[in-house]
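Asker: Just the structure for this:
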Amino acid sequence: MRLLSIEYSRAAYVADFVAYGVLAVGLVAYLLGAAPRGEWFALVGVVAIGLGIWTLVEYGVHRFLMHGVDPVRRWHAEHHRRPTARLGSPTVVSLLVLFVLVFLPAWACSDAFHAAALLLGIGGGYLVYSATHHAIHHWSYNWAWLKRRQYWHALHHHIGRPVCYGVSSSFWDYVFGTAVTITTEAPIAE
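Answerer: Have a look, this model is predicted:
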């Protein structure tokens with residue numbers, strides 16, 4: 001695999017999950033080990049804010065970038081053609097984007113602890129999104145939450161018009177009117 005390829009080898013695909021897992025564990029260890037105990041409650045709040053921000057970022061990137069802006073739109077269309085292929089943004093790119101667009105600005109506006117907490121929330125959200133997306137396309141467990149996410153994502157892939165952009169959450173689809181319901185839509189095409 002080339003470093004900037006959108007198609008992962010099996011090892012690179014696993015390494016992406018490992019990299020984000022290590023990032024999350026490292027940030028938790030840093031915050032628990034270095035942040036003043038009196039700040040922990042506030043830092044947990046910043047992590048929660050980061051997770052919330054992630055859900056909006058996930059929705060916006062999927063709707064407006066992956067379905068609207070070339071060359072990302074073409075790359076994402078390849079995922080729609082081959083939904084079980086190991087495709088995604090290169091790990092080095094996504095980590096760099098998080099560092100430059102999340103950590104550095106947060107550090108400039110606050111301190112390293114709050115910046116790390118925000119990065120943990122947003123990066124943790126990305127990890128949840130990645131794991132959810134993988135499970136949607138590769139697992140078939142009888143777990144109600146996963147079945148709902150799989151159905152939701154199947155609507156996105158097969159309904160014939162742009163809907164259901166949230167992968168790990170449907171919240172923003174309801175807010176922005178891109179959600180569909182079973183009773184008002186045609187069945188999913190196979």
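
Asker: now the helices for the chain?
Answerer: With DSSP state H, the ranges of helices along the chain come out as 10-34, 40-60, 72-81, 91-98, 104-109, 112-138, 144-158, 171-176.

Asker: contact partners of the fourth one?
Answerer: Same thing as helix 91-98. By CB atoms under 8 Å, 6 or more residues apart in numbering, the surrounding residues in contact with helix 91-98 are 3-4, 12, 15-16, 19, 23, 119, 122-123, 126. Using the backbone N, CA and C atoms, a C-beta is placed for each residue, glycine as well.

Asker: As a quick check, tell me the outermost residue of the protein.
Answerer: The outermost residue of the chain relative to its centre, with distances by CA atoms, centre = their mean, is Gly38 at 30.6 Å.

Asker: contacting residues for it?
Answerer: For Gly38, counting by CB under 8 Å, 6+ apart, there are no contacting residues.

Asker: any chance of the contacts of helix 91-98 in TSV, plus distance to Pro90 and pLDDT?
Answerer: Shown next, in TSV, are the contacts of helix 91-98 (distance: CB to CB, whole Å; pLDDT from 0 to 100):
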residue	distance to Pro90	pLDDT
Leu3	7	54
Leu4	5	62
Ala12	8	88
Ala15	11	92
Asp16	9	92
Ala19	11	96
Leu23	15	97
Leu119	19	98
Ile122	18	98
Gly123	16	97
Tyr126	13	97
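
Asker: still on that earlier bit, for Cys164, which of the helices of the chain is the nearest?
Answerer: helix 144-158 (4.0 Å; CB to CB).

Asker: how much does the closest one deviate in direction from helix 72-81?
Answerer: Using axes from the mean of the first three to the mean of the last three CA atoms, to 10 degrees, the inter-axis angle of helix 144-158 relative to helix 72-81 is 120 degrees.

Asker: Which strands or helices does helix 144-158 pack on?
Answerer: Counting contacts by 3 or more CB pairs under 8 Å, 6 or more residues apart in numbering; DSSP states H and E, helix 144-158 is packed against helix 112-138.

Asker: buried ones in the helix it packs on?
Answerer: The neighbour-count criterion (16 or more other CB atoms under 10 Å) identifies 113-130, 132-137 as the buried residues of helix 112-138.
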